[in-house]
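J.: Sequence unavailable; structure follows:
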């Protein structure tokens, strides 16, 4: 089974305006409310691609109830912990000539709730995949990802980490199966600016030396690179298409990679599936379907 953990899920309130003017009344041409958060997105795309997963996380208030209900309505398995206080955050995504985001603050996660999550994660067994994605609320310790991974040691659970800075860095010594920084996040780790695939692969090698098994780096318009566990370097330009929505593209890449790997056990095919799913989400108002993903895959890798 695949498990995703989202410590800071959200309801995404997506608003499209013809032109967004600061300080003025702006009227929406389109709006949508949907379940969000990086791990949540991964579970949704995995479901679209035909792979079951269980989405775990924390939810609170009426917004938390809406979040879990939406996931269930889309066919996702859930195992959220409901908090007694606060409410699941709302993130506002304004889509005009440019994209603007206002991310809300999540509820306080108590030590008791953290213990409850750890108990749920104790049930993972050999062959399971655990995907840790996204930011954490300020009420959680900064080493929470590391604490989760330590408890999985010796169980042969494959760990996937999509996070930034120390959240990612502190997991490397435990040899996560896959990490997926984008090129900006990769540059932040080393205090450099990464502008091309060759540079990305060079710093991916450093992350591999620090313990990561496979390093997948998304580079927006420059495509993506993968350094696999055998030292093979995979590069691809970005597929052609019109950018409609960048929200969830990186999460879709993670889901596509995992789906491709489970289906083929081949890193090149997993890499291509990841790129296709990420781009398919970027080219659509919503997260990628399998049909959209396969269409991008066939056009890009003929």
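T.: Thanks, I have the structure now. For clarity, every value in this text was computed on a predicted model and none was experimentally measured.

J.: Was I right to think residue 261 contacts residue 272?
T.: No - assessed by C-beta atoms under 8 Å, residue 261 is found out of contact with residue 272, at 10.9 Å. Where you see a C-beta, it was placed from the backbone N, CA and C, and this is true even at glycine.

J.: The residue lying closest to residue 18 once chain neighbours are set aside: neighbouring residues, count only.
T.: Among residues not flanking residue 18 along the chain, residue 29 sits closest, at 5.9 Å (C-beta to C-beta, 6 or more residues apart in numbering). Here the number of neighbours of residue 29 (other C-beta atoms under 10 Å) works out to 11.

J.: so what's residue 29 up against?
T.: Residue 29 is in contact with 16, 17, 18, counting by C-beta atoms under 8 Å, 6 or more residues apart in numbering.

J.: bridging residues for the first one?
T.: This points to residue 16. The bridge-partner assignment for residue 16, based on DSSP bridges, gives residue 30, residue 95.

J.: what about it, how many residues close to it?
T.: 17.

J.: Would you check how far apart it and residue 286 are?
T.: 13 Å (C-beta to C-beta, to the nearest Å).

J.: Can you report how many residues lie near residue 220?
T.: Under the neighbour criterion other C-beta under 10 Å, residue 220 is assigned a count of 15.

J.: spatially speaking, which residue is in the middle of the protein?
T.: The C-alpha lying nearest the average C-alpha coordinate of the chain belongs to residue 251 (C-alpha atoms, centre = their mean; 3.2 Å).

J.: Which helix or which strand is home to that residue?
T.: Assignment of secondary structure by DSSP states H and E places residue 251 within helix 249-264.

J.: Please state the offset of whichever helix or strand residue 69 is part of from the chain centre?
T.: Using DSSP H and E, the element containing residue 69 is helix 61-73. Distance, stretch centre to chain centre, for helix 61-73: 19 Å (C-alpha atoms, centre = their mean, to the nearest Å).

J.: returning to that earlier point: which ones are touching the residue nearest to the residue nearest to the centre of the chain when sequence neighbours are not counted?
T.: The shortest distance from residue 251 to any residue that is not its chain neighbour, by C-beta to C-beta, 6+ apart, is 3.6 Å, and that residue is residue 41. Shown in contact with residue 41 (C-beta under 8 Å, 6+ apart): 133, 248, 251, 252, 255, 287.

J.: ok, and the most crowded of the residues you listed?
T.: The most crowded member of the contacts of residue 41 is residue 255, carrying 35 neighbours; neighbours defined as other C-beta under 10 Å.

J.: And it, how far from residue 9?
T.: In this structure, residue 255 and residue 9 are 16 Å apart, going by C-beta to C-beta.

J.: Also residue 206?
T.: Counting by C-beta to C-beta, the gap between residue 206 and residue 9 amounts to 32 Å.

J.: If we go by neighbour counts, what in stretch 243-253 is buried?
T.: Along stretch 243-253, these residues count as buried under the neighbour rule (16 or more other C-beta atoms under 10 Å): 245, 247, 248, 249, 250, 251, 252, 253.

J.: which residues touch the nearest residue in space to residue 19 that is not next to it in sequence?
T.: Counting by C-beta to C-beta, 6+ apart, residue 96 is the residue found nearest to residue 19 once chain neighbours are left out, at 5.6 Å. Counting by C-beta under 8 Å, 6+ apart, residue 96 makes contact with 16, 17, 18, 19, 20, 26.

J.: Going through those, which ones are buried?
T.: A residue is treated as buried here by neighbour count (16+ other C-beta under 10 Å); on that basis the buried members of the contacts of residue 96 are 16, 17, 20.

J.: Pick out whichever of these sits closest to residue 268.
T.: residue 16 (36.7 Å; C-beta to C-beta).

J.: Spit out the contact partners of that closest one.
T.: For residue 16, the residues meeting the contact criterion (C-beta under 8 Å, 6+ apart) are 28, 29, 30, 31, 95, 96.

J.: Give me the pLDDT for the last one.
T.: Looking at residue 96, its pLDDT is 80.

J.: Repeat that for residue 24.
T.: In this prediction, residue 24 has a pLDDT value of 89.

J.: Would you mind measuring from it to residue 78?
T.: The span separating residue 24 from residue 78 equals 40 Å under the rule C-beta to C-beta.

J.: So which of those two has more stuff around it?
T.: Here residue 24 and residue 78 are set side by side on neighbour count (other C-beta under 10 Å), and the busier one is residue 78, at 19 against 7.
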